[in-house]
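Novice: here is a sequence with its predicted model. Questions after.
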Amino acid sequence: MGVRIKDANMLKVREDVFDEVTLLALYKLVHKKWLSAIGGSISTGKEANVFYGERDEAGIAIKIYRIRTANFTTMSSYITGDRRFSHVKKAKKELIFAWTKKEFSNLVRARDAGIAVPEPLVWDRNILIMSFLGEGERAYPQLRNVELEEPAETYSQIVRSIDVLYNKAELVHADLSEFNILYSDKPYLIDMGQSVTRDHPRALPFLMRDIKNINRFFKSRCEVQKDTEIFHAVTGLNVAEP
């Protein structure tokens, strides 16, 4: 396809990642000069694989949602109720394409609000290309694998990100945890395909779940606020549980 393979193990990746639809989308992205090389695997998640790549010798992250094996039921629960995707058909392929577009849109909104997230560059079908968060060809570690020098400061930064995401970007991450935050000089939020708008019918329960996950991780590392205190401060709502 005119793309350089930087890692021979790429050729051994399962067919459920590089199926015919994915190869066609990849070809279009190469043809449009969005990538020039594909390297090794960065991560393998429940729904997608992420690979290191290059564009004009600059590092990029290539996220490929698996059409054959992605969890259709899980994706559908986050798409349903999102007014931006009310027109999407229930067919699995169309849902995954919508999911890819949804993550691109969510990253744009989060970045425009000043949140530290990967810069979304382009998407096509089930492929999303973003800026690479890492050094050399090694991605920044997940928060769970970092020995934090100042955990209280990192905790405050993440709580502020939750607030800004909700009030400025008008989004709830909906799957925030130590697995979906990378850390270097600061915490970076990743994996925003499932993120929902504030008017989503499950936005508030998702927000409370995010808050509880962050408090669970940090409570043995620093002093944390009560779940409800953060929820009230972010939303302005005075309820015991959404």
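Specialist: Structure's in. What do you need?
Novice: now the lengthiest helix in the chain - C-alpha only, CSV.
Specialist: Longest helix in the chain by number of residues (criterion: DSSP state H): helix 92-112. Only the C-alpha atoms of helix 92-112 are listed here, as CSV (Å, rounded to 0.1, in the frame of the first residue of the first chain):
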residue,chain,number,x,y,z
LYS,A,92,-22.6,-3.3,13.5
LYS,A,93,-20.3,-1.8,10.9
GLU,A,94,-22.2,1.5,10.8
LEU,A,95,-22.1,1.6,14.6
ILE,A,96,-18.4,1.1,14.7
PHE,A,97,-17.8,3.8,12.1
ALA,A,98,-20.0,6.2,14.2
TRP,A,99,-18.0,5.2,17.3
THR,A,100,-14.7,6.2,15.5
LYS,A,101,-16.2,9.5,14.5
LYS,A,102,-17.5,10.0,18.0
GLU,A,103,-14.1,9.5,19.6
PHE,A,104,-12.6,12.0,17.1
SER,A,105,-15.4,14.5,17.9
ASN,A,106,-14.9,14.0,21.6
LEU,A,107,-11.2,14.6,21.4
VAL,A,108,-11.7,17.8,19.4
ARG,A,109,-14.1,19.1,22.1
ALA,A,110,-11.8,18.1,25.0
ARG,A,111,-8.7,19.6,23.4
ASP,A,112,-10.5,22.8,22.5
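Novice: going forward can the numbers begin at 843, since that is how I track them
Specialist: Right, with 843 as the first residue, what we last looked at is helix 934-954.
Novice: outside of it itself, list whatever touches it.
Specialist: With Cβ atoms under 8 Å, 6 or more residues apart in numbering as the contact definition, helix 934-954 has outside contacts at 863, 889, 905, 907, 909, 912, 914, 917-918, 921, 924, 926-927, 930-931, 959-962, 964-965, 967-970, 972, 1007, 1011-1013, 1031, 1033-1035, 1037. Any C-beta I mention is one placed from the backbone N, CA and C, and that applies to glycine too.
Novice: where do the helices sit along the chain?
Specialist: Counting by DSSP H, the chain has helices at residues 862-873, 914-921, 934-954, 993-1009, 1045-1060, 1069-1077.
Novice: middle-most residue in this structure, spatially?
Specialist: When Cα atoms, centre = their mean is applied to the chain, the residue found nearest the centroid is D1033 (1.4 Å).
Novice: low-confidence stretches in the protein?
Specialist: Counting by pLDDT under 70, the chain has low-confidence residues at 843-844, 847-857, 912-915, 928-932, 1081-1084.
Novice: let's go with 90 and repeat that
Specialist: 843-866, 879-883, 886-889, 898-899, 909-938, 940, 978-979, 1079-1084 (pLDDT under 90).
Novice: distance-wise, check the residue lying closest to V1006 once chain neighbours are set aside relative to E862.
Specialist: Nearest residue to V1006, sequence neighbours excluded (Cβ to Cβ, 6 or more residues apart in numbering): A955, at 5.6 Å. Computed as Cβ to Cβ, to the nearest Å, the A955 to E862 distance reads 37 Å.
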